[in-house]
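> Attaching a predicted model along with its sequence, questions to come.
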Amino acid sequence: MSTLIFIGLAASLLIYAAARLSRPLGALLLMLLSGAGVAALILSWGKGFTETLPLGNGLELTFSLSTFNWPFLLLGAFVLFIVSLFAVNALKEMEHGASFLALLTLIGVSVMGVFGAYDFLTLFIFFELMTWTSFFLVSMGKTGAKKAALIYAFMSMIAAYLMISAIMMIAQYTGSFSYSDFMGMYEAMPSGIRTTVVIFFLAAALIKGGIYPVHFWLRSAHGDAPHVFSPVLSGLLVKYGYYSAFLFLLFFPVMVATKAGITQVTSTDGPNFILAFIGGLSIMAGTVAAILQSDAKKLVAFSSVSHGGYVILALAYGTNMAVAGGLAHIWVHVLTALGMFLSMGAVAYRTGTTDMDEMGGLIKNMPVTFTVYLIAIISVAGIPPLAGFVSKWMIIQALAANGSYILAFMAFFGSIGSFMYVFRPLATIFLGQRPHKFKDVREVPFFMQLAMLIVTLLTILLGIMPYYLLKPFTRIQEFIGMVPVKIGFSTVYSALTQLDMMLIFLVFGGGFLLALVIFLLFSKPTKVEQHEVYTSGEIAPEISTTPEIYHFSKGYYRSFGRLFSRWPSVEAWYHKGAAYISQFFEIIEQSLFKQSINGFIWLAVVVMAVLMAVRWF
Amino acid sequence: MALIGKIVLFIVGAFVFQVALSGFSRKVIARIQKRRGPVFWQNFYDIGKLFFKKTSISHGFIFDFGVWMAFGGTVATLLFVPVGPYSVFPGQTNFIVIIYLLAIGSLGMAMSAVGSANPFASIGISRALTQMFGYDVPFALTVVIMIYVHRTSQVAKLAAVQSDIGWHLWVMPLSALVAFIALMAMLGKKPFDTPIAPAEIASGPLVEYSGKYLGMLMVQHEFATFVEVGLFVNLFLGGGSTLLIYLVKYIIVYLLTVIISALMARFRVEQTVAFFWKWPLVLVFIQALIIIGIGIR
Amino acid sequence: MDSRTMWEKVKDITRGHSLWMLYYCTGCGAIELPPTMTSRFDMERFGIGPMATPRQADILLVTGYLSTKTLRRVIYTYEQMQSPKWLVGFGSCTLNGGIYHDSYATINQLDQYLPVDLYLAGCMPRPEVIIKGFKQLMEMIKTGEADGWKQYQDNREWYRKNQKKALGDLLYTTR
């Protein structure tokens, strides 16, 4: 794997050079690389290895491919594969296309490093690689992206400091960075240190995963990043956060426990419950905020907050059903986030906007994009027979089986609320009256369609055959010594009941056919123009107005928003705090560095010196 | 073969029964308003007439597709609900599957209605989704309590278990009350008929449907009613040991919703949501505390 | 001689038993409809009910005089309805202009512009007349006599000419 990483680093230069020549060529190269990664990972199903890369001075980086990180590595390669396929056409008008592709390749390297790490140092180094590359990637976006990137970098810095402090604590106690040493001494560790380490790591995971109280970077970063990069952010980079949550909530605690087939992670009460509760709050806050957005990409960003909540809730809840459901939900969210962000990117590629209030009726121009979005949202809303239903069903089963009413309430809240927010782009972008200015919009080019259709196809297939969705995760459960969830080819068994996705699919298909037959049996309908609707006797062309005034999109859920108009907003508090702090520093600036820039340089030097002193000694 | 026969029997039986019953309910409303009302087979005439219309309007592919999806989804849901002692797929009457499959119908209809590009339809759909967010959460929670207590989420088993402990209506009265209110909202009965307010937004989602489209959606609505009332009967009134008992319970519950609805005025949509998140939700949590505290007996 | 097949007769019977009505309240006649619908006369017992949009309706009830401005909306509304559909002229005003027969702003005869299947004469007709008229319309539908929608299709040119004479050339056609 270390060779792979060097190959990746070299490839990023190569891709940069190729993309300077022609951008599609660079994107195709990246696609081939990541496609090879996907293929290699699928072929290496069931195999594993560990290897080290000495850095000198007694330090070494350890990598491993094993059951517990196989699905995550696959996820990373898959996302890059899809996105680079999408980028073949999508990068045409971008300003820094070549460096974009080179940085995207570096993200690929960080995927291998983070998910493939077998010691904390490697984990941290590649985490930072990801942070900095994505900082530049985000800042390439539309207006406001620079600020979004700064907020993102700021939050990532906090996460990084939390993480490095935890890692230093581990290293101080165990004397090495290795996972296995940490597991070996996990039980013997003083509980104070262990708790601090876990809390620091989980806090970093929450920031990275965009969970409720620290989610606000997602809004700007996902919303303002380049349209090609948003799917990576939501499909891949927040998964780094989920992955560290997975490590500390599940992997380490269970690996060190007696391997006697436990069905539940050891400590479900207390801290874990609080974390599950935070996940639940994240579901609710993300859902409500998403409903009230009017920018399509920000809406999807908040849906990511809500889905991250599901993952954290399930992992923290810790029964074997919940854990399998939560892990499966990571993959489901990859597919849905890709589907939603790619289709929004496709719309923005052709129309140049993501503001839902401006668009309408685009289904006539972009039927493929519409289909992709439709399938993605059916999965997001957790409607059978698609993949999203399986994982949500498992999480809700786990919560209901143990009578966690409040958490079940939160899970249902997010799941039913998602009908509302996913429907809004469907209604206001793709359906309804089409404004005249979008009359000549065309469907996106071939490669973009291909990328989106792969995602759609996988969403359907994994939904009908949940075996392929769940098998990697039940294997993780076996690997770490948890009782795996019982699954069949198209069935999932819980303590309460069983679920047969194939049956549901067939019955639904049958019902659909019946509807089709009844429909075709009776007289043929007449097709009409879009403006021929009942609007109380007024016909738009006659009173010389444009049809889009009959397009209901502005303030789609305004009446719902009125319910929350008086509620406190965490983001408003942060804004207030930031204003306060900047006021404070303004005073310093006024008094010390009024005249020249030199003062800043001095300050920077001092800070650097202090930081270096703290880190090195 | 037996399975196909069963499926056909379920669909046809539900259709005939529910359409006749909703025709009869028009008679009931008429009697409340001191009128005579139509004959009870009036709805068959209505549906027949709609299908026999010589022309109808289509607003493009998604307008048609949504109707198929709504109809197909609802018919599929119908087959997962146990009717008295019978169910088409024994062991597959999973509650969560049923409520989410029902959502396919709603989503299809929503898509189709918005696909008509009519502003009234769009307003109606945004209200319908908002209202759904209100009532589905407390309703789902009432069932989560049951699922936890009885360790099963099979609707058939949840119905059968009540022959030992008594109806959930008596065991969990608060849950039953909440579920009944939610049922009224699901059926779109007053005071929860904001989405289809005819005098206000010209019947909302249905504004552009004509001829066979409207006919299919009427049949779909009857099927959805059969599922929703059926869920209530199964979950709170113990289902039925014979078909007749089940249907009698069904008729009583359905007519009760009709009678209450005839006496009510209409909420605004945010009032609906605020109402559902205030009283029903609180009552459900109180019920959960009671169940945790004293158990089922 | 009745040339309908058995199947068509069945269709016409269902049509005759279920009349959904869109009432276009242009004039004073609309005030007679509430008593017709509510408990005193109870129109619903014949399967007649009010509908909110022309797409769903079978009968367009024009209650009273029509100014040229409203005639335009009536034409659009009628064209948005789906056939078979029927038009009922209500009150003297739709027959011959009634007390507005010499007004510069109203039209006198509705059937110059749209095919009227049934007139309810009177100024204004009482609910008893409305019920009786509807019963007659139902009989006509069941026997297949009421075919104004067909006439409108066949004599489109003639109707359109009259419509344009009253409304000017700017007349948008929906169907």
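Cool, the structure landed. Numbering: from 1, shown residues only, chains lettered A, B, ... in the order given.
> and C:Tyr119, helix, strand or coil?
In the three-state summary, C:Tyr119 is assigned as strand, counting by DSSP: H, G, I helix; E, B strand; the rest coil.
> Name the nearest residue to it, ignoring sequence neighbours.
Once flanking residues are discounted, C:Tyr119 sits nearest to C:Gly89: 4.7 Å by C-beta to C-beta, 6 or more residues apart in numbering or on different chains. Any C-beta I mention is one placed from the backbone N, CA and C, and that applies to glycine too.
> shouldn't B:Gly240 be in contact with B:Leu247?
Yes - distance between B:Gly240 and B:Leu247: 7.4 Å, which falls inside the contact criterion (C-beta atoms under 8 Å).
> Verify the contact between the residue nearest to C:Tyr119 and C:Asn108 for me.
No - C:Gly89 is not in contact with C:Asn108 according to C-beta under 8 Å; the separation is 11.6 Å.
> Tell me the spacing between the residue nearest to C:Tyr119 and chain A.
18 Å (C-beta to the nearest C-beta, to the nearest Å).
> any idea which element that residue lies in?
With elements taken from DSSP states H and E, the one containing C:Gly89 is strand C:86-90.
> Can you tell me what sits against the very next helix or strand once past that strand?
Using DSSP H and E, the helix or strand that follows strand C:86-90 towards the C-terminus is helix C:92-96. Contacts of helix C:92-96 from elsewhere in the structure, counted by C-beta atoms under 8 Å, 6 or more residues apart in numbering or on different chains, are C:27, C:29, C:62, C:64-66, C:89, C:98-100, C:106, C:108-110, C:116, C:119, C:121-123.
> What are the boundaries of the strands in chain C?
Assigned by DSSP state E, the strands in chain C fall at C:19-24, C:48-50, C:59-63, C:66-67, C:86-90, C:106-107, C:118-120.
> Figure out which of those strands is closest to B:Phe276.
Proximity of these to B:Phe276 was assessed by C-beta to C-beta; the nearest stretch is strand C:48-50, lying at 29.9 Å.
> Show me which of B:Gly240 and B:Leu247 is the more surrounded one.
B:Gly240 (21 against 17; other C-beta atoms under 10 Å in any protein chain shown).
> Ignoring the adjacent residues along the chain, who's closest to the more buried one?
Taking C-beta to C-beta, 6+ apart, and ignoring the residues beside it in sequence, B:Gly240 has B:Tyr246 as its nearest neighbour in space, at 2.7 Å.
> can you check B:Phe71 too?
Setting aside the residues directly before and after it, B:Phe71 is nearest to A:Ala515 in space (C-beta to C-beta, 6+ apart), at 3.6 Å.
> hang on, isn't the one you found packed against B:Ala76?
No - in this structure, A:Ala515 sits apart from B:Ala76 without contact. The criterion is C-beta under 8 Å, and the distance is 10.1 Å.
> and the two? which has more neighbours close in?
The neighbour comparison of A:Ala515 against B:Ala76 (other C-beta under 10 Å) goes to B:Ala76, with 29 against 25.
> quick one: the more buried one from B:Val39, how far?
Applying C-beta to C-beta, to the nearest Å, one obtains 32 Å for the distance of B:Ala76 from B:Val39.
> what helices or strands is the top helix by length along chain A leaning on?
In chain A, taking DSSP state H as the definition, the longest helix is helix A:320-351. Identification of packing neighbours for helix A:320-351 by 3 or more C-beta pairs under 8 Å, 6 or more residues apart in numbering or on different chains; DSSP states H and E yields helix A:70-90, helix A:230-232, helix A:238-246, helix A:296-317, helix A:367-380, helix A:387-401, helix A:446-464, helix A:466-480.
> could you dump the fourth one to CSV, C-alpha only?
Once side chains and other backbone atoms are set aside, the C-alpha atoms of helix A:296-317 remain, and they are given as CSV (Å, rounded to 0.1, in the frame of the first residue of the first chain):
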residue,chain,number,x,y,z
ALA,A,296,-30.5,23.2,-3.5
LYS,A,297,-26.9,22.4,-2.5
LYS,A,298,-27.4,23.8,1.0
LEU,A,299,-30.5,21.7,1.3
VAL,A,300,-28.5,18.6,0.4
ALA,A,301,-25.8,19.7,2.8
PHE,A,302,-28.3,19.8,5.7
SER,A,303,-29.6,16.4,4.7
SER,A,304,-26.0,15.2,5.2
VAL,A,305,-26.2,16.6,8.7
SER,A,306,-29.3,14.6,9.3
HIS,A,307,-27.9,11.4,7.9
GLY,A,308,-24.7,11.8,9.8
GLY,A,309,-27.0,11.9,12.8
TYR,A,310,-28.4,8.5,11.9
VAL,A,311,-24.9,7.0,11.6
ILE,A,312,-23.7,8.4,14.9
LEU,A,313,-26.9,7.5,16.6
ALA,A,314,-26.7,3.9,15.4
LEU,A,315,-23.1,3.4,16.1
ALA,A,316,-23.4,4.9,19.6
TYR,A,317,-26.5,2.9,20.3
